[in-house]
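A.B. asks: Below is the sequence, then the predicted model.
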Amino acid sequence: MATQHSRSAARLMMAPAVVLLMGWMLVPLTMTLWFSFRRYLPLRGGDLGWTGFDNYVRFVSSSSFWPSIQATLIIVGGVLAITVCFGVLLALLLDQPMWGQGIVRILVIAPFFVMPTVSALVWKNMFMDPVNGLFAHLFKFFGATPISWLSEASLASIIMIVSWQWLPFATLILLTAIQSLDSEQLEAAEMDGAPAIKRFWFIILPHMSRAITVVILIQTIFLLSIFAEIFVTTQGSFGTRTLTYLIFQRVLESQNVGLGSAGGVYAIILANIVALFLMRIVGKNLDA
Amino acid sequence: MARAVTPQRKAINTTLAWAVGLLIFFPILWTILTSFKTEAQAINDPPLFLFFDWTLENYSVVQERSDYMRFLWNSVIIAVGSTILGVLIAVPAAWSMAFVPSRRTKDILLWMLSTKMLPAVGVLYPIYLLFIKLGLLDSRVGLVVVLMLINLPIIVWMLYTYFKEIPGEILEAARMDGAGLREEILYVLTPMAVPGIASTMLLNVILAWNEAFWTLNLTAAKAAPLTAFIASYSSPEGLFYAKLSAASTMAIAPILILGWFSQKQLVRGLTFGAVK
């Protein structure tokens, strides 16, 4: 039983973290909201007063808005599809008895620890370069004409780089989920003569469904804001300008802060919709 | 879970898993190999795998030309500094939420998590502006603070889940024996919490080391960590494959080694306890 004394002590101990995060959230958020209603061009006249919803309307009606939404959805959707499908397969494989399981696990997880700028540059230059990249050599070996990946298949290339980074995350979490499965259930099904595919479909997959949902939600939040991978590869050209990158360009490159801030508010709303679902799952788990 | 399988089955599993594992690991292996080649060998046609003249030249060139150690040092200070600062702030908070829970504890935890969901780009300009006004742009102090704040929710959450596993009865027993709040924390809780705190710090050093939005946007030359240093290879130096590889290898090696120790914490830390 907590006493009155320990309660107030507890509140005091929580205070620094709560106050800091509150400030970290409220101050910039308020500023973004404020800027989004103003015509604000730091290099061309500064703050030029209120414009109402003008920035919001202009951001959405600009010719680069819908392509950026499209690029964002393709990248997020593509990476999710690849990482979840291959993640499930890899987790199933790694769960099997084998020699050197620990080492294989390490090999599979490694890409997650590579900093985004390194993986983007390594893929861009050493694999996807149309002249000296390994893919080019591979294509030539098979008699095909090497393609310039990042300009001719730009979205696919970005999806590939980002999937490589996130596959370990999905695999690791799904593996954790598989390993928590009660093996008696599987053995019983096996004795009853259920073939492997049915055991997977009716026992393993339902058991993993929550982990899969968590993987999808967490990855979506991170993938919506991928930045470095685009920054060092295409700089947003060749149709790879995502919503995040578009806002970055509006704010820091063309220094149209009002417009960029309105875009920022859209991005925040989008992320919050995803976050709402994630929080519900996490919150449910907190009671258990 | 020990299921009986035939040796053939096990051999097939092993072959398949190793093949996939090596394929996934290959880009890293290739980078490490290339870092030991000369520039000419790095772009040799056909590519050279193991049979080339191994050289350490690239490593010394990278250091000489770009003052690599400065970027490394910045990375270390930013990653370790933000983690230590974050843990100092998070330990009391997580402690009180785990041991003196109130009706609002759950809401506060979820709210903290929600701040993590805020897309960085949405607050890019305000932070940028505040950094200019406070003279923090391109300073290590500024980055330590920002990275501490973006990782604080994860630190609190991880510590909370670890502290939750410490049985409350032990604390009650200590209290009955006359231990005050200070003794309770110092002699009972801390020894039991050290492994959890260590794992939390490990994961957060990794996350801060690899963070590449704020580090790219808030630094120029002085406080730039390795993420920004590597990004500067984007062009035209990126054409020097061997040097790019040497720089990359040095940038990822410490974290790869730390990362291998933190597999378990990774799941706990990044799913906020939603997958166990």
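C.D. replies: Looks like it arrived, so ask away. Numbering: from 1, shown residues only, chains lettered A, B, ... in the order given.
A.B. asks: for chain B, what helix or strand is lowest in average pLDDT?
C.D. replies: Lowest on mean pLDDT, DSSP states H and E among the helices and strands of chain B sits helix B:263-271, with a mean of 72.
A.B. asks: Does chain A have contacts with it?
C.D. replies: Yes: with Cβ under 8 Å from any Cβ of the partner chain as the measure, helix B:263-271 is seen reaching chain A through B:263, B:266, B:267, B:270, B:271. The way it works is simple: take the backbone N, C-alpha and C, and place the C-beta from them, glycine included.
A.B. asks: Show me the strands in chain A, by range?
C.D. replies: Applying DSSP state E to chain A gives strands spanning A:38-41, A:46-50.
A.B. asks: by contact count, what packs against the top helix by length along chain B?
C.D. replies: Taking DSSP state H as the criterion, chain B has its longest helix at helix B:68-99. Judged by 3 or more Cβ pairs under 8 Å, 6 or more residues apart in numbering or on different chains; DSSP states H and E, helix B:68-99 is in contact with helix A:4-36, helix B:105-116, helix B:140-164, helix B:190-210, helix B:226-231, helix B:241-261.
A.B. asks: re the thing from before, most surrounded residue in the residues of helix B:263-271 next to chain A?
C.D. replies: In terms of neighbour count, residue B:271 stands highest of the residues of helix B:263-271 next to chain A at 25 neighbours, by other Cβ atoms under 10 Å in any protein chain shown.
A.B. asks: burial count for the residue nearest to that one when sequence neighbours are not counted?
C.D. replies: Distance criterion Cβ to Cβ, 6 or more residues apart in numbering or on different chains; nearest residue to residue B:271, sequence neighbours excluded, is residue A:214 at 5.4 Å. By the criterion of other Cβ under 10 Å, residue A:214 has 22 neighbours.
A.B. asks: And for residue B:44?
C.D. replies: With other Cβ under 10 Å as criterion, residue B:44 counts 13.
A.B. asks: List the contacts of it.
C.D. replies: Counting by Cβ atoms under 8 Å, 6 or more residues apart in numbering or on different chains, residue B:44 touches residue B:52.
A.B. asks: That one in helix, strand or coil?
C.D. replies: coil (DSSP: H, G, I helix; E, B strand; the rest coil).
A.B. asks: re earlier: output the least confident helix or strand of chain B as CSV, restricted to C-alpha atoms.
C.D. replies: Written as CSV, here are the backbone C-alpha positions of helix B:263-271 (Å, rounded to 0.1, in the frame of the first residue of the first chain):
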residue,chain,number,x,y,z
GLN,B,263,18.7,-8.9,-29.7
LYS,B,264,16.4,-9.6,-26.9
GLN,B,265,16.1,-6.0,-25.8
LEU,B,266,15.3,-5.0,-29.3
VAL,B,267,12.0,-6.8,-29.3
ARG,B,268,11.0,-5.4,-25.9
GLY,B,269,12.2,-1.9,-26.6
LEU,B,270,10.7,-1.4,-30.0
THR,B,271,7.3,-3.0,-29.4
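A.B. asks: Compute the number of surrounding residues for the residue nearest to residue A:38 when sequence neighbours are not counted.
C.D. replies: Excluding the flanking residues, the one nearest residue A:38 by Cβ to Cβ, 6+ apart is residue A:258, at 5.2 Å. The tally of other residues near residue A:258 (other Cβ under 10 Å) stands at 27.
A.B. asks: so residue A:258 touches residue A:52, yeah?
C.D. replies: No: applying Cβ atoms under 8 Å as the test, residue A:258 and residue A:52 come out as separate, 11.0 Å apart.
A.B. asks: Which neighbours do the two have in common?
C.D. replies: Residues within reach of residue A:258 and of residue A:52 at once, by Cβ under 8 Å, 6+ apart, are residue A:37.
A.B. asks: nearest residue to residue A:21 other than its sequence neighbours?
C.D. replies: Among residues not flanking residue A:21 along the chain, residue B:115 sits closest, at 5.2 Å (Cβ to Cβ, 6+ apart).
A.B. asks: so that neighbour touches residue A:24, yeah?
C.D. replies: Yes: Residue B:115 is in contact with residue A:24 according to Cβ under 8 Å; the separation is 6.5 Å.
A.B. asks: and those two? which has more neighbours close in?
C.D. replies: Between residue B:115 and residue A:24, counted using other Cβ under 10 Å, the more crowded position is residue A:24 (21 against 18).
A.B. asks: what's the neighbour count on the spatially closest residue to the more buried one that is not a sequence neighbour?
C.D. replies: What sits nearest to residue A:24 in space, not counting adjacent residues and going by Cβ to Cβ, 6+ apart, is residue B:149, at 4.5 Å. Using other Cβ under 10 Å, residue B:149 has 22 other residues around it.
A.B. asks: coming back round to it: give me the residues contacting the least confident helix or strand of chain B.
C.D. replies: With Cβ under 8 Å, 6+ apart, helix B:263-271 has contacts from A:105, A:109, A:112, A:169, A:172-173, A:176, A:214, A:218, B:154, B:157-158, B:161, B:199-200, B:202-204, B:259, B:275-276.
A.B. asks: any idea how far the residue nearest to residue A:21 is from residue A:27?
C.D. replies: Going from residue B:115 to residue A:27 by Cβ to Cβ, to the nearest Å gives 12 Å.
A.B. asks: what do you get for residue A:230?
C.D. replies: Separation of residue A:230 from residue A:27 (Cβ to Cβ): 28 Å.
A.B. asks: what about the two, which has more around it?
C.D. replies: residue A:230 (25 against 14).
A.B. asks: Residue nearest the middle of chain A, spatially speaking?
C.D. replies: When Cα atoms, centre = their mean is applied to chain A, the residue found nearest the centroid is residue A:223 (2.0 Å).
A.B. asks: Could you measure from it over to residue A:81?
C.D. replies: Per Cβ to Cβ, residue A:223 is found 12 Å from residue A:81.
A.B. asks: same check, this time on residue B:50
C.D. replies: Residue B:50 is 35 Å from residue A:81, where distance means Cβ to Cβ.
A.B. asks: swap in residue B:267?
C.D. replies: From residue B:267 across to residue A:81, the span is 22 Å (Cβ to Cβ).
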